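**Student:** Need coordinates for the following:
(2 chains)
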There are 2 protein chains.
Amino acid sequence: MMADPARLSFNTITVRDQWSLEQCIEGCARHGIRGISPWRDKLAQYGVERAARHIRDAGLHVSGLCRGGMFTQPNAIEDNKRAIDEAAALGADCLVMVVGGLVPGSKDLARARGMVADGMAAILPHARAAGVGLALEPLNPMTCADRSVLSTTAQALDLADALGDGVGVALDVYHIWWDPEIARSIARAGERILGFHVCDWLVPTRDTVFDRGMMGDGAVDIPGLRALVEAAGYGGMIEVEIMSQLDWWRRDPDEVLRVMIERFRDAV
Amino acid sequence: MMADPARLSFNTITVRDQWSLEQCIEGCARHGIRGISPWRDKLAQYGVERAARHIRDAGLHVSGLCRGGMFTQPNAIEDNKRAIDEAAALGADCLVMVVGGLVPGSKDLARARGMVADGMAAILPHARAAGVGLALEPLNPMTCADRSVLSTTAQALDLADALGDGVGVALDVYHIWWDPEIARSIARAGERILGFHVCDWLVPTRDTVFDRGMMGDGAVDIPGLRALVEAAGYGGMIEVEIMSQLDWWRRDPDEVLRVMIERFRDAV
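**Tutor:** Numbers count the residues shown, from 1 in each chain, chains lettered A, B, ... in the order given. Prediction:
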C-alpha cells in the first residue's frame, strides 16, 4: 500500500548545495510537504529561534534534527547537549545520533565503542530533561572507520537497551538493507523506532558517503523495509535523505522536490 | 607475536595489472614467498596444467583459488564445477566462493540468497568428490547489491552448517573487521576456517572495490583478528590480497612484493 504523502519529511541535506534552511522551509510549503529534518550547520546559519518560528508558521513537523553523536571526537559532550537543546527548541521527534568512527590514529574498535556508550550515558539525563529522544542510527559498515562504529540494528538496539528510556533507533534503508538479521532486528526494535529514512543504493556506488540515490533508482526493496517497520508499530514520518554530490546536489531544487514527492508515492 | 613468514601466501590480484601468473610464480620464488593464490583468468591464460607444474616445481603451496560463486549469474553451476576441477589440479587448500549479488534487475535479497544456497548444494557433491573445500567468503556489506549477498561471518557459518561437510569460510579482514559479532563468529567458525586474508581499510576509501590498502596503511587491527583466528584453531597460510587500482597496481611489482613481505612481518 502506498505511503501516506502526509508522512513525507524532507531532510534538508538533499539540497545541501542549493538551498539555505529558510529556502528549504519555503520549498516545503510550496510543494505541500508536511515534515522537515534540518541539519545543524544550516540551522546555525539561520538561527535556532528564527528557524523554529518559521517552521512552526509553515505548519511543518520536525521529524528529526541531524545530528548528534561523534563521541570519538573532542568536545562531543558539550556539543551534543547543545544539539539536544536545539532539537527541543524545534520540537523535533528525535535527535539523530551518528556515533562516530575510530578515534583518529587508533585502531581500537572496542575503545571507540566504549566512548560511544559512555558519551550516550553522559548526555542522556540532559536529553530526558529536555524531552528529546536520542535516535541511534546504525550506519553502513563501510563508514565504520570514520563515521560510525555502530554498524547494525541489533548492535544499536543492544546499546539502546543498556541505556534505557529515552534512547531508540533511526533506521535508514541505505544503511540497513543488506543485513541478514534485519527482519528480526526491526521486529525487536518495536517502539524504539524513532525515525525511518529512505533513499536508495546505487549500482555502482561511486562514493562511500555522497552517492546516494533517489528512491527507485537503486537496489533496495524500500516497500519491503517499510512494511517491516510498520509491522513493528512505527507510524511516524518517513524522511527522505539523499546525499548526492554527483547528481541531486547539482539539480534545480524545485525539480528535486518534485521528483522526491513522485518517488515517495511510487517507490516507497 | 609475529606471523611466521613461511605462512605468507601471495594473492596474484595484488599485481593484477603488472604480472602474468607465470611472472607471479617466478616473483614468489625470487622473493622467498612460499604460498600463492591465483585468480582464474590468469590461470586460464597460462593453462591449468602448465601452471600446476610450474607452481609445484617452484615449491609453492596454493592457499586458495579465486574464485567460485556468482550463483545469481547465468551458467554458474557449470562454471563452478570447472573451478573445482582447477582447484583440485592445483592442490589448492580451498576454492574461495564470492557468492554473487542480487539477480540483475531484481531487488529480492531472499531470492538471491536462496539461489546461493541452492547453487552451493548443487556443486557440493562435485567438490567433495574432488576433495576441494568450498570457502564461503562474507564480503563487506557495501558489495551486497552486485557481488555478495553473504555479508557477515555468522551468515556464512549458518549456510556452511546447513550444507555440511566440505564447506567452510574464508575470512578477509577487509570484509569482517567492522562486525560487532566478529569475535563470537570466529570462535564459532573453528575448524571451518579454510582461509585467512589480509590487507587494510583505507581512510578515505575512494572506491568500493579497488581501493584496498597495504597492511599497516589503514584502520584495521590485523594482529587482533589474526589472534582470534588462531585461537579458533587456524594455522594455515595467510593470504595477502590487495585490489588497488589507484596505488599498488601502478607500482613496480618487485617493490610491491618487498613492501608486502615487510608489512607481513610488522603489521600482521
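**Student:** what residues are up against residue A:107?
**Tutor:** Residues near residue A:107 by C-beta atoms under 8 Å, 6 or more residues apart in numbering or on different chains: B:219, B:220, B:221, B:224. Placement of C-beta: from N, CA and C, glycine included.
**Student:** just curious, which of those residues is nearest to residue B:64?
**Tutor:** residue B:220 (19.9 Å; C-beta to C-beta).
**Student:** Around that closest one, how many other residues sit close by?
**Tutor:** By other C-beta atoms under 10 Å in any protein chain shown, 27 other residues sit near residue B:220.
**Student:** Can you give me the pLDDT of it?
**Tutor:** Listed pLDDT for residue B:220 reads 98.
**Student:** before we move on, back to that, quick check: which of the contacts of residue A:107 are also close to chain A?
**Tutor:** Near chain A, judged by C-beta under 8 Å from any C-beta of the partner chain, the entries from those are B:219, B:220, B:221, B:224.
**Student:** I'd say the third one and residue A:108 touch.
**Tutor:** Read it as residue B:221. Yes. Applying C-beta atoms under 8 Å, one finds residue B:221 in contact with residue A:108, separated by 6.9 Å.
**Student:** Please say which of those two ends up with more neighbours.
**Tutor:** Neighbours were counted for residue B:221 and for residue A:108 using other C-beta under 10 Å; residue B:221 has more, 16 against 13.
**Student:** Grab the nearest non-local neighbour of the more buried one.
**Tutor:** residue A:107 (4.2 Å; C-beta to C-beta, 6 or more residues apart in numbering or on different chains).
**Student:** Doesn't the one you found lie inside a helix?
**Tutor:** No. Counting by DSSP: H, G, I helix; E, B strand; the rest coil, residue A:107 falls outside a helix, being coil.
**Student:** Please identify the helix or strand for residue A:123.
**Tutor:** Element membership for residue A:123, per DSSP states H and E: helix A:109-130.
**Student:** and the residue nearest the centre of chain A, what does it touch?
**Tutor:** Nearest to the mean C-alpha position of chain A, counting by C-alpha atoms, centre = their mean, stands residue A:96 at 5.3 Å. Residues near residue A:96 by C-beta under 8 Å, 6+ apart: A:37, A:64, A:65, A:66, A:67, A:68, A:69, A:135, A:137, A:170, A:195.
**Student:** one step back: per-residue confidence at the residue nearest to residue B:221?
**Tutor:** For residue A:107, the predicted pLDDT is 98.
**Student:** Would you mind measuring from it to residue A:139?
**Tutor:** Look at residue A:107 and residue A:139: by C-beta to C-beta, to the nearest Å, they are 18 Å apart.
**Student:** ok, which stretches of chain A are strands?
**Tutor:** Counting by DSSP state E, one finds strands in chain A at the ranges A:8-11, A:35-37, A:61-62, A:65-69, A:95-98, A:134-136, A:167-172, A:193-198, A:238-240.
**Student:** Switch the ones you listed over to a markdown table; also include mean pLDDT.
**Tutor:** Shown next, in a markdown table, are the strands of chain A (pLDDT from 0 to 100):
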| stretch | mean pLDDT |
| --- | --- |
| strand A:8-11 | 98 |
| strand A:35-37 | 98 |
| strand A:61-62 | 98 |
| strand A:65-69 | 98 |
| strand A:95-98 | 98 |
| strand A:134-136 | 99 |
| strand A:167-172 | 98 |
| strand A:193-198 | 98 |
| strand A:238-240 | 98 |
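**Student:** export those to JSON lines and tack on distance to residue A:228?
**Tutor:** Below are the strands of chain A laid out as JSON lines (distance: least, C-beta to C-beta, whole Å):
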{"stretch": "strand A:8-11", "distance to residue A:228": "19"}
{"stretch": "strand A:35-37", "distance to residue A:228": "21"}
{"stretch": "strand A:61-62", "distance to residue A:228": "23"}
{"stretch": "strand A:65-69", "distance to residue A:228": "23"}
{"stretch": "strand A:95-98", "distance to residue A:228": "20"}
{"stretch": "strand A:134-136", "distance to residue A:228": "17"}
{"stretch": "strand A:167-172", "distance to residue A:228": "9"}
{"stretch": "strand A:193-198", "distance to residue A:228": "10"}
{"stretch": "strand A:238-240", "distance to residue A:228": "13"}
